[in-house]
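Chemist: Predicted model, plus sequence, below.
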Amino acid sequence: MTRILMAVSRFLLAAPRAIARVWRGSLWLRVTLTTLVLSVIVVGVLGLSLLSRVTSGLLDAKERISVGEASAGLGEAQRILDAADTGPSTPSASRLVDSAVSALAARAGSPSTFDVLLLSSQPSGNAPERGTNLVAETSVPASLRLAVVESQRQSWTYTEIQFLDGRTTPGLIVGAPLLVPTVGPYELYYLFPLTQEQATLDLVRSSVLTTGFLLVLLLGFVAWLATRQVVVPVRAASQTAARLAEGNLSERMKVTGTDDLARLATSFNAMAASLARQIRQLEELSRVQQRFVSDVSHELRTPLTTIRMAADVVYEDRDVLDTPTARAVELLQNQLDRFEALLVDLLEISRFDAGAAVLDVERVDLIGLVQRSIDGAQPLAERAGLDLRLLASVDSCPVDCDPRRVHRIVRNLIENAIEHGDLHGVDVSIGEGPDAVAVSVRDFGVGLRPGEAALVFNRFWRADPARARTTGGTGLGLSISLEDARLHGGWLEAWGEPGKGACFRMTLPRDRAVGITESPLPLDMDGDDSDAEMTPVNATRPTVEREDSSSSPAATFVINGGKPRP
């Protein structure tokens with residue numbers, strides 16, 4: 001029983017959401033149902049108005065006829081009674097009442113159009129009372145009798161006419177005072193049944209309901225048909241646009257006729273053709289550009305090798321050269337190193353562009369891998385006067401990855417942090433979760449302005465072009481790191497605030513087939529959204545206390561579906 005109640009409750013909770021989802025998702029349904037509801041309202045109002053007017057007309061006519069008939073019958077009954085009183089002998093009260101009722105009943109015709117009740121107004125109750133066709137005295141409401149007696153004038157009301165055999169029928173009762181000679185005051189009541197009027201109203205009501213129902217169905221069908229003529233082409237356009245977005249550039253809408261929808265389809269097809277043409281041009285341009293970069297990179301390696309060999313020979317003999325020449329040789333050697341690094345990065349970028357990059361996966365300890373990256377960057381940090389700190393919440397962090405590419409990602413992030421950091425140093429943090437591991441690199445330098453976090457992974461982009469490079473980078477390091485992270489099925493995310501520094505976080509899946517849902521490390525290590533306790537592993541000197549600043553908004557950027565935490 002409990003399971004049934006739980007299932008019913010879940011259904012009742014889910015039903016409104018499902019209905020709302022269907023309602024929001026179907027223009028066809030909304031227009032059709034809205035038309036039906038409005039049609040029901042309009043037809044209902046018109047039908048009620050029509051029934052009200054017909055009812056009023058029938059009852060007004062019935063009132064005029066009934067009051068006229070009752071007035072004429074009252075006059076005739078009074079003449080009969082007065083004539084009987086002027087004869088040589090006065091009839092008894094019973095005969096006077098019977099003669100009056102018989103005369104009035106004869107006026108009703110056959111079948112009778114009304115019934116008559118002649119009731120005594122005397123409180124004693126000994127006076128004779130008569131009626132026609134077994135009509136019951138209880139048919140006359142007490143309020144009508146009181147009105148006739150007190151006003152001494154004609155009155156009428158609508159009520160249920162009751163018969164002695166138990167029958168009832170709706171009717172109109174018209175009453176007036178009548179004086180019976182030698183007996184006293186009486187009340188004469190005409191009881192007009194509304195059977196024909198009720199039948200007429202029933203016929204009109206059924207006709208209105210039937211006509212209204214058919215009209216609503218017709219309007220609903222018209223709305224469905226009219227909406228279909230609009231919605232079907234729109235759905236076709238939506239489906240065509242979805243297939244175009246999936247890369248099927250040959251999809252086109254079917255053009256039928258010359259109306260507005262046909263012109264819309266023609267314009268849509270022209271737009272699709274133009275987009276397809278431009279996409280093909282861009283693809284061709286991209287292929288040419290990629291081929292150019294790849295060819296140039298490969299072709300430059302041979303002359304660069306020759307120049308390197310000659311420069312090495314001269315560099316080894318720089319001690320015997322004069323000072324200007326020796327300085328020029330050193331500059332030449334440095335620029336050749338940078339040129340060689342740029343060629344290596346360009347070749348790597350061309351592999352990513354061509355889709356030729358592959359992973360050489362093996363099981364490694366992420367902490368050891370990051371430690372080697374820190375050791376490699378330590379001389380650069382010492383020249384900059386910065387402290388590199390490794391913080392880890394675990395003793396070991398095994399992960400399946402390409403160690404060369406992960407080492408390159410961490411090295412690029414650390415060198416970037418050293419270049420843009422300050423004397424507060426750089427924090428490198430490692431964390432792990434059930435499905436992912438993460439490395440974050442946090443500096444406390446100039447940070448990123450709002451909007452710049454979306455640009456840091458662009459090729460050759462620099463936050464401040466006026467600043468000189470201290471690490472001799474090529475401007476491709478973060479772009480290559482992003483591609484390496486994507487190749488692992490991971491995330492590479494950036495966060496920054498002016499004056500508070502920047503944080504870059506790499507998150508890798510333990511199993512590439514499962515994917516990542518969240519990162520075990522917060523993107524901003526100043527935030528309080530992580531319960532992990534970070535333990536310093538290789539702090540070379542005491543950590544410098546830093547001041548918090550909250551004067552500027554953070555700039556956060558997510559790559560590959562990441563979930564940054566501000």
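Modeler: That came through fine. Numbering: from 1, shown residues only.

Chemist: Just the residues contacting stretch 240-250, thanks.
Modeler: 251-253, 268, 272, 275-276, 279-280 (Cβ atoms under 8 Å, 6 or more residues apart in numbering). C-beta coordinates here come from the backbone N, C-alpha and C atoms, glycine included.

Chemist: List only those of these flagged as buried.
Modeler: 251-253, 268, 272, 276 (16 or more other Cβ atoms under 10 Å).

Chemist: According to the record, where do the domains of this protein fall?
Modeler: Per automatic domain parsing, the structural domains of the chain span 86-199, 252-357, 359-466+473-542+549-557.

Chemist: Out of those, which is the most enclosed?
Modeler: Among the domains of the chain, the stretch with the highest mean neighbour count (mean count of other Cβ atoms under 10 Å) is domain 359-466+473-542+549-557, at a mean of 19.

Chemist: Switch the domains of the chain over to CSV; also include distance to Ser26.
Modeler: Listed next are the domains of the chain as CSV, based on distance: least, Cβ to Cβ, whole Å:
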stretch, distance to Ser26
domain 86-199, 46
domain 252-357, 19
domain 359-466+473-542+549-557, 32
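
Chemist: Format these as a markdown table; extra columns: distance to Gln229 and mean pLDDT.
Modeler: Converted to a markdown table, the domains of the chain look like this (distance: least, Cβ to Cβ, whole Å; pLDDT from 0 to 100):
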| stretch | distance to Gln229 | mean pLDDT |
| --- | --- | --- |
| domain 86-199 | 45 | 86 |
| domain 252-357 | 8 | 80 |
| domain 359-466+473-542+549-557 | 44 | 79 |
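
Chemist: Between those domains, which one is closest to Ala7.
Modeler: The minimum distance between Ala7 and those falls on domain 359-466+473-542+549-557, with 29.1 Å, by Cβ to Cβ.

Chemist: Show me which pair in the contacts of stretch 240-250 is furthest apart.
Modeler: Across the contacts of stretch 240-250, the longest distance by Cβ to Cβ is 19.9 Å; it joins Met253 and Arg280.

Chemist: Of all the domains of the chain, which one is nearest Gly25?
Modeler: Across the domains of the chain, Gly25 has its closest neighbour in domain 252-357 (21.2 Å, Cβ to Cβ).

Chemist: so how far is that closest one off the chain centroid?
Modeler: Computed by Cα atoms, centre = their mean, to the nearest Å, the chain-centroid distance of domain 252-357 equals 44 Å.

Chemist: quick one: terminal-to-terminal distance for that domain?
Modeler: This stretch, domain 252-357, spans 35 Å end to end (Cα to Cα, to the nearest Å).

Chemist: Repeat that for stretch 376-395.
Modeler: So stretch 376-395: terminal residues 21 Å apart, Cα to Cα.

Chemist: Not counting sequence-adjacent ones, nearest residue to Val40?
Modeler: What sits nearest to Val40 in space, not counting adjacent residues and going by Cβ to Cβ, 6 or more residues apart in numbering, is Val216, at 5.6 Å.

Chemist: which SSE is the one you found in?
Modeler: Using DSSP states H and E, Val216 maps to helix 195-245.

Chemist: Pull up the gap between the residue nearest to Gly184 when sequence neighbours are not counted and Val174, please.
Modeler: Distances taken as Cβ to Cβ, 6+ apart place Gln122 nearest to Gly184, at 5.3 Å, with adjacent residues excluded. The gap separating Gln122 from Val174 is 22 Å, by Cβ to Cβ, to the nearest Å.

Chemist: and what of Arg130?
Modeler: When distance is defined by Cβ to Cβ, Arg130 is 17 Å away from Val174.

Chemist: ok so, going back, could I get the contacts of stretch 240-250 in TSV, plus columns for secondary structure and distance to Leu12?
Modeler: Output for the contacts of stretch 240-250, formatted as TSV (DSSP: H, G, I helix; E, B strand; the rest coil; distance: Cβ to Cβ, whole Å):
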residue	secondary structure	distance to Leu12
Glu251	coil	42
Arg252	coil	46
Met253	coil	42
Phe268	helix	43
Ala272	helix	45
Leu275	helix	47
Ala276	helix	49
Ile279	helix	49
Arg280	helix	53
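
Chemist: Output these in CSV; the columns should cover distance to Val406.
Modeler: Listed next are those as CSV, based on distance: Cβ to Cβ, whole Å:
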residue, distance to Val406
Glu251, 41
Arg252, 46
Met253, 48
Phe268, 46
Ala272, 42
Leu275, 39
Ala276, 39
Ile279, 34
Arg280, 37
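
Chemist: show me where this structure has strands.
Modeler: According to DSSP state E, the chain carries its strands in the segments 115-120, 130-131, 155-162, 168-180, 184-193, 362-365, 388-392, 398-401, 426-432, 436-443, 491-497, 501-509, 535-536, 555-557.

Chemist: Tabulate these (CSV), appending distance to Leu146.
Modeler: Output for the strands of the chain, formatted as CSV (distance: least, Cβ to Cβ, whole Å):
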stretch, distance to Leu146
strand 115-120, 12
strand 130-131, 20
strand 155-162, 9
strand 168-180, 10
strand 184-193, 10
strand 362-365, 107
strand 388-392, 101
strand 398-401, 102
strand 426-432, 95
strand 436-443, 93
strand 491-497, 91
strand 501-509, 94
strand 535-536, 102
strand 555-557, 87
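
Chemist: right, and these - which one's nearest Ala84?
Modeler: Of the strands of the chain, nearest to Ala84 by Cβ to Cβ is strand 168-180, at 9.5 Å.

Chemist: And that closest one, what does it pack against?
Modeler: With contacts taken as 3 or more Cβ pairs under 8 Å, 6 or more residues apart in numbering; DSSP states H and E, strand 168-180 sits against helix 27-85, helix 93-107, helix 142-151, strand 155-162, strand 184-193, helix 195-245.

Chemist: For Gly212, give me its contacts.
Modeler: Gly212 makes contact with 43-44, 46-47, according to Cβ under 8 Å, 6+ apart.

Chemist: Now for those residues: which two are most distant?
Modeler: Within the contacts of Gly212, Gly44 and Leu46 form the most distant pair, 7.4 Å apart (Cβ to Cβ).
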